[in-house]
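Asks: Got a sequence here, can you build the structure:
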Amino acid sequence: MVWATCPAWTPLGPPEDRLSQRPGGCGTLRYITAQLSESGRRAGMHSGSCNQVDVMRWGRTLAITVLLCAAIAVVTQMLNDNGYLVNLWVSQGYGISIVLSIMLITTLRPDWPDLVVNLLGLVSGVVLGMLNLMLMLYFMGKLSDFVAQPDAILSNVGVGLFFGCLGLLFFYSLYRLQLLRAEVSEQRRLQAERERALTLSQLKVLQSQMEPHFLFNTLANVQAMIGPEPEKAKAMIQALTTMLRANLNRVRSDTTTLGDELTIARSYLEIQSIRMGERLSYELAVPEAMYALPLPPLLLQPLVENAIRHGIEPKREGGHIQVRAATLDAQAGWWQLEVIDTGLGLDALAQTQGEGVGLSNLKQRLQSLYGDSAELTMRPGEQGGLHLTLVLPQTLAEQTTGETGNND
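Replies: All right, here's what the predicted structure looks like:
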């Protein structure tokens with residue numbers, strides 16, 4: 001009578017959770033069991049309560065063992081004259097005994113070395129499996145014949161140990177493969193975090209370089225207006241205060257919405273409108289229902305600044321700027337943000353700085369945040385000038401809210 005089984009592997013959830021806990025070694029099953037025992041002890045296992053998740057995991061382990069042993073019984077049936085049910089009984093006895101032995105040893109002696117626990121579990125499981133075999137033979141009336149054949153006893157013990165070792169090796173290899181995949185996934189995650197942190201630091205440096213420049217220019221304009229145009233100077237200070245307060249709140253909270261970005265854009269346009277006079281008019285046509293929409297910081301402001309710097313300001317008669325937002329697909333979460341100006345347009349933009357440093361930085365940032373999911377397009381406006389359209393997926397906007405960007 002021949003038997004074989006494979007000790008079951010105990011899944012403890014995502015392998016990446018164990019990357020920092022397991023430096024290496026040969027006792028995969030014992031290690032997993034030890035971690036499960038530790039989690040069970042923290043959950044109050046010694047007081048009689050058992051973590052439900054741990055029970056489910058051990059149940060899954062035993063279920064895998066039962067299935068494997070059922071398959072092994074098909075093989076062992078070909079090696080002896082006994083029926084499938086006899087081989088199934090013996091195979092299940094060995095397999096379940098090994099798993100339960102390792103579970104028990106791990107719970108009682110979690111500090112023992114992995115190799116010792118696995119070997120003890122294997123040996124004790126084979127011993128219990130032999131007792132199970134003898135109990136079955138006793139009820140069949142064949143125990144005396146079996147005991148009288150030492151070769152049969154040694155054969156069953158040898159085959160049990162052989163298939164048990166193969167089972168341990170199989171599940172160890174399976175665990176190492178899953179651990180390797182988890183390590184690759186962890187490396188990718190860390191690399192993505194490093195790239196995002198680098199992008200964030202670069203954007204913060206650029207932002208810190210630009211904000212003082214804008215602030216000093218605005219204060220210089222205020223100083224020039226205080227005497228001849230005190231009311232305009234007061235309005236510019238109020239707009240500047242609103243803009244700085246909104247920027248400060250954004251930095252402190254690391255979150256922003258479309259409404260917050262519109263507040264900053266409105267203040268910026270108000271300052272430029274006071275400075276340029278009748279040469280600049282603007283309109284913010286955004287439904288209030290969209291104000292709470294999550295939006296990564298500083299995606300709108302570079303578009304507005306580009307319209308002023310490369311479109312309206314160089315044009316002698318100035319022009320008009322309109323900011324619009326609309327939902328493209330409510331179910332899929334796609335929406336668009338538009339900045340339309342009646343400035344000099346694409347030709348003048350190409351003659352100065354191509355698409356502008358601000359737009360170039362914005363495209364790089366969109367690629368970093370969204371990959372190919374976001375799109376920034378430029379086309380001539382219906383009344384001349386430039387029509388910028390930014391298409392964003394709302395779900396990704398929610399995930400990336402809190403990043404800080406740059407404007408030019």
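Asks: Flag every buried residue along stretch 172-181.
Replies: Residues 172, 175, 178-179 are the ones in stretch 172-181 that count as buried (16 or more other Cβ atoms under 10 Å). Every C-beta, even on glycine, is put in place using the N, C-alpha and C of the backbone.
Asks: actually stretch 111-125, not the one I wrote
Replies: 112, 114, 117-118, 120-125.
Asks: The residue nearest the centre of the chain is in what secondary structure piece?
Replies: Against the mean C-alpha coordinate of the chain, by Cα atoms, centre = their mean, the closest residue is residue 189 at 7.2 Å. Residue 189 is part of helix 150-226, with elements assigned from DSSP states H and E.
Asks: now do residue 74
Replies: Element membership for residue 74 (DSSP H and E) is helix 52-77.
Asks: What residue spans form the domains of the chain?
Replies: Following automatic domain parsing, the chain resolves into domains at 15-187, 227-400.
Asks: how far does the last one sit from the chain's center?
Replies: Put simply, domain 227-400 sits 30 Å off its chain's centre (Cα atoms, centre = their mean, to the nearest Å).
Asks: mind listing the helices for this structure?
Replies: Here the chain has its helices, by DSSP state H, at 28-42, 52-77, 84-108, 114-140, 143-147, 150-226, 230-253, 258-276, 301-306, 345-353, 357-370, 394-400.
Asks: Need the CA coordinates for the shortest one. CSV is fine.
Replies: Spelled out, it's helix 143-147. What follows is helix 143-147, C-alpha atoms only, in CSV (Å, rounded to 0.1, in the frame of the first residue of the first chain):
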residue,chain,number,x,y,z
LEU,A,143,-3.8,-5.5,10.5
SER,A,144,-2.1,-8.7,11.6
ASP,A,145,-1.0,-9.4,8.0
PHE,A,146,0.3,-5.9,7.6
VAL,A,147,2.3,-5.9,10.9
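Asks: which other helices and strands contact that helix?
Replies: The elements that helix 143-147 packs onto, with contact taken as 3 or more Cβ pairs under 8 Å, 6 or more residues apart in numbering; DSSP states H and E, are helix 114-140, helix 150-226.
Asks: What are the buried residues along that helix?
Replies: Using 16+ other Cβ under 10 Å as the burial criterion, the residues of helix 143-147 that qualify are residue 146.
Asks: And stretch 139-157, by the same measure?
Replies: Result for stretch 139-157 [16+ other Cβ under 10 Å]: buried residues 146, 153, 155-157.
Asks: so which of those residues would you say is closest to residue 91?
Replies: Residue 91 has its nearest neighbour among the buried residues of stretch 139-157 in residue 156, at 11.1 Å by Cβ to Cβ.
Asks: Report pLDDT for that closest one.
Replies: You'll see residue 156 listed with a pLDDT of 78.
Asks: correct me, but it touches residue 127?
Replies: No - look at residue 156 against residue 127 with Cβ atoms under 8 Å: they stay out of range, at 11.4 Å.
Asks: Could you check the pLDDT of the residue nearest to residue 93 when sequence neighbours are not counted?
Replies: Once flanking residues are discounted, residue 93 sits nearest to residue 132: 3.3 Å by Cβ to Cβ, 6 or more residues apart in numbering. On pLDDT, residue 132 comes in at 84.
Asks: Tell me how far residue 132 lies from residue 144.
Replies: Separation of residue 132 from residue 144 (Cβ to Cβ, to the nearest Å): 18 Å.
Asks: One more: residue 183?
Replies: Between residue 183 and residue 144 the computed distance is 55 Å (Cβ to Cβ).
Asks: next one: residue 286
Replies: Going from residue 286 to residue 144 by Cβ to Cβ gives 92 Å.
Asks: swap in residue 130?
Replies: Residue 130 sits 16 Å away from residue 144, taking Cβ to Cβ as the criterion.
Asks: related to what we said a few turns ago, okay, the angle between the helix holding residue 74 and helix 150-226?
Replies: If you take axes from the mean of the first three to the mean of the last three Cα atoms, to 10 degrees, helix 52-77 sits at 140 degrees to helix 150-226.
Asks: Helix 52-77 - what's its average pLDDT?
Replies: The average pLDDT for helix 52-77 rounds to 77.
Asks: what packs against it?
Replies: helix 28-42, helix 84-108, helix 150-226.
Asks: if we can go back for a sec, now the helix holding residue 189, how far from the centre of its chain.
Replies: With Cα atoms, centre = their mean, you get 9 Å for helix 150-226.
Asks: Just name whatever secondary elements that helix is in contact with.
Replies: helix 28-42, helix 52-77, helix 84-108, helix 114-140, helix 143-147, helix 230-253, helix 258-276, helix 357-370.
Asks: now it against helix 114-140, angle please.
Replies: 140 degrees.
Asks: nearest residue to residue 388 other than its sequence neighbours?
Replies: Spatial nearest neighbour of residue 388, chain neighbours left out: residue 339 (4.6 Å); criterion: Cβ to Cβ, 6+ apart.
Asks: Identify whichever of the helices and strands packed on helix 143-147 lies nearest to residue 73.
Replies: Of the helices and strands packed on helix 143-147, nearest to residue 73 by Cβ to Cβ is helix 150-226, at 11.1 Å.
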